[in-house]
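# Structure for this input, please:
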Amino acid sequence: MEDARSERLSRKTIVFQAMLVLSTALASVLGVWLLRNTIWWPVWVLVVCGISIYLTYLYTQGHFFEPIRSIQLAINRVTQGELDERVILRSTGDAEFVELSDAINGMAEHYALLVEEANRHRNHLNAILSSLVDALVVVDKDLKITMANPAASNLLGITPDSRGRYLLESIRNYDLIQLFQRVLQEETTAQQEIQIFSPQHYIFRAIVSPVRSQRTGKIVGVVAILHDITEIKRLEKMRSDFVANVSHELRTPLTSIKGFVETLLDGALEDPESSRRFLTIVATETDRMVNLVQDLLELSRLEGTDRAWHLVPLDLGGLARETADSYREIAQEADLSLHVEIGDYLPPIQGDATLLRQVIANLLDNAIKYTEPGGHVWLTLSGSDEALHLSVRDTGVGIPTKHLSRIFERFYRVDKGRCRKMGGTGLGLAIVKHIVEKHHGKITVESEYGEGTCFTVTLPAIPEEQMVPAAVSS
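Below is the predicted model of the structure:
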């Protein structure tokens, strides 16, 4: 069919050229015969030839150049991304060019559909990759990055311009690079725990697999999924430390009790003074274990969801005064000055009075314990329309800066020997933090070693729109 079209187009051109040459020849002969006795016959021949050339130009322009230019212009625009562009012939042209333009228009429509389908698949893939919590990195066989999802950018510090760059330029981790290289060499999937220290410290479980070409089956790259297990490892360590700390805290008093009981059984009961002293130590150690178990049970209840919360509108100022009054005698015995400063405006808060009293008591107890005789302890309350601020400040021994980030951890002690001597279990501040967080608040600490410590609790105020119904119902 294509040969027939080419032959038909060539035949049209030949017929036109033949007719044009014949007409030019006849016109020239007729003019020369009529003007044979004058000097104008050469001019006539030139005019006839010029007209013939001009007609040839018009024919070629209308039947070849203009259709070709229209087709070329449309193709250029389609390749530049203007997928709605189509070939429009300004002149009717030959049927062959009309058929060619229709074929090109059909190809452009098919190309537009393919591009639309590809964009749809790409957007779908990008949506999937963006929703992945795990980091995904794809590299070619030269270890150049070809794809990285947003999680990889956030967790590994891969910038958007990292595509096409070597993996080592974006991820400076020897173990991960070695894992990629091993998968490329062995052509098998591998798993390994990887620690990355930049931009932050993370622990990943890396699952790296080779990518094969569907056509040839050869390795063309490597894909890695990095699952962040940093929090899992931290929780595992906390659980391990918790078990070890509980075991240690229980073993110490039990060992002491066992030793004194054995001493009493070996004959110390015959000595009233020694037996009384030993039994006093046994009672002290027993109280320490009871307090530890009670704190553990309280912490477990706070972390669980089965505890009944009695959240009601509270005036924390009255609660703070009552709690501070119960500690005045203890402060006087320790030769300390206890000051209570309450602001003029305290917004009402939604809270559990028993738990918040425990927060104030715990902070006051710590402040009194770790302040030398002659020092001062302040309980201060202030507020605004948005929140209420409670702070307990002392002039005690203070906390070194390196310990501040861990002060709310279970069993964490700055001075372990002194804390045990004071009768602390190491769980008080952990309990305080849980209570504050259950009230949607936050607790912060500021301290300078040797100068004193200040704990600040911020609790949200009851919104004004919730106070009106409460007032009406009362």
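
# Can I get the helix or strand harbouring Gln72 in PDB? Just the C-alpha atoms.
Using DSSP states H and E, Gln72 maps to helix 66-79. Presented in PDB, the C-alpha positions along helix 66-79 are these (Å, rounded to 0.1, in the frame of the first residue of the first chain):
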ATOM      1  CA  GLU A  66       3.500  23.800   3.500                       C
ATOM      2  CA  PRO A  67       2.200  20.300   4.500                       C
ATOM      3  CA  ILE A  68       5.700  19.300   5.500                       C
ATOM      4  CA  ARG A  69       6.200  22.400   7.600                       C
ATOM      5  CA  SER A  70       2.800  21.900   9.300                       C
ATOM      6  CA  ILE A  71       3.700  18.300  10.100                       C
ATOM      7  CA  GLN A  72       7.100  19.300  11.400                       C
ATOM      8  CA  LEU A  73       5.700  22.100  13.500                       C
ATOM      9  CA  ALA A  74       3.100  19.800  15.100                       C
ATOM     10  CA  ILE A  75       5.700  17.000  15.800                       C
ATOM     11  CA  ASN A  76       8.100  19.500  17.400                       C
ATOM     12  CA  ARG A  77       5.400  20.800  19.700                       C
ATOM     13  CA  VAL A  78       4.300  17.300  20.700                       C
ATOM     14  CA  THR A  79       7.900  16.300  21.600                       C
END
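
# Which elements pack onto it?
helix 95-131 (3 or more C-beta pairs under 8 Å, 6 or more residues apart in numbering; DSSP states H and E). Every C-beta, even on glycine, is put in place using the N, C-alpha and C of the backbone.

# for the helix it packs on, the distance to its chain's centre please.
Distance of helix 95-131 from the chain centroid (C-alpha atoms, centre = their mean, to the nearest Å) equals 35 Å.

# Buried residues, the next helix or strand after it. List them.
Remark: after helix 95-131, the chain's next helix or strand is strand 135-140, criterion DSSP H and E. Neighbour-count burial for strand 135-140, counted by 16 or more other C-beta atoms under 10 Å, picks out 135-140.

# Can you check what angle separates strand 135-140 from helix 95-131?
140 degrees (axes from the mean of the first three to the mean of the last three C-alpha atoms, to 10 degrees).

# Whichever helix or strand comes after strand 135-140 packs against which elements?
Later in the chain than strand 135-140, the nearest helix or strand by DSSP H and E is strand 145-148. Packing contacts for strand 145-148, counted by 3+ C-beta pairs under 8 Å, 6+ apart, involve strand 135-140.

# Sheet partners, orientation included, of the strand it packs on?
strand 145-148 (antiparallel), strand 219-228 (antiparallel) (DSSP bridges).

# could you dump those strands to CSV with mean neighbour count and mean pLDDT?
Formatted as CSV, the strands paired with strand 135-140 follow (neighbours: other C-beta atoms under 10 Å; pLDDT from 0 to 100):
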stretch, mean neighbour count, mean pLDDT
strand 145-148, 19, 85
strand 219-228, 19, 88
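
# how about CSV for those strands, with distance to Ala387 added?
What follows is the strands paired with strand 135-140, written out as CSV (distance: least, C-beta to C-beta, whole Å):
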stretch, distance to Ala387
strand 145-148, 41
strand 219-228, 33
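
# what's the closest of the ones you listed to Thr401?
strand 219-228 (28.9 Å; C-beta to C-beta).

# Dump the C-alpha coordinates for that closest one into CSV.
The C-alpha trace of strand 219-228 is given here as CSV (Å, rounded to 0.1, in the frame of the first residue of the first chain):
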residue,chain,number,x,y,z
ILE,A,219,21.1,-7.5,38.0
VAL,A,220,20.5,-3.9,37.2
GLY,A,221,20.5,-2.5,40.8
VAL,A,222,19.7,-2.9,44.4
VAL,A,223,16.6,-1.9,46.5
ALA,A,224,16.9,-1.5,50.2
ILE,A,225,14.1,-1.1,52.8
LEU,A,226,15.3,0.3,56.1
HIS,A,227,13.0,-0.3,59.0
ASP,A,228,13.6,2.0,62.0
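
# picking up where we left off before, show me which of the buried residues of strand 135-140 is closest to Leu381.
Ala135 (46.3 Å).

# Pairing partners for the closest one in the sheet, please.
Beta-bridge partners, per DSSP bridges, of Ala135: Leu226.

# circling back to that earlier point, now the helix holding Gln72: buried residues?
Here helix 66-79 shows 66-67, 70-71, 74, 78 as buried, counting by 16+ other C-beta under 10 Å.

# can you pull out the strands in the stretch 201-350 of the chain?
All strands of the stretch 201-350 of the chain, identified by DSSP state E, counting those that start in this stretch, fall at 202-212, 219-228, 312-314, 337-342, 349-351.

# OK, contacts around the residue lying closest to Pro313 once chain neighbours are set aside?
Counting by C-beta to C-beta, 6 or more residues apart in numbering, Pro348 is the residue found nearest to Pro313 once chain neighbours are left out, at 4.8 Å. Taking C-beta atoms under 8 Å, 6 or more residues apart in numbering, we find Pro348 in contact with 313-315, 461-462, 467.
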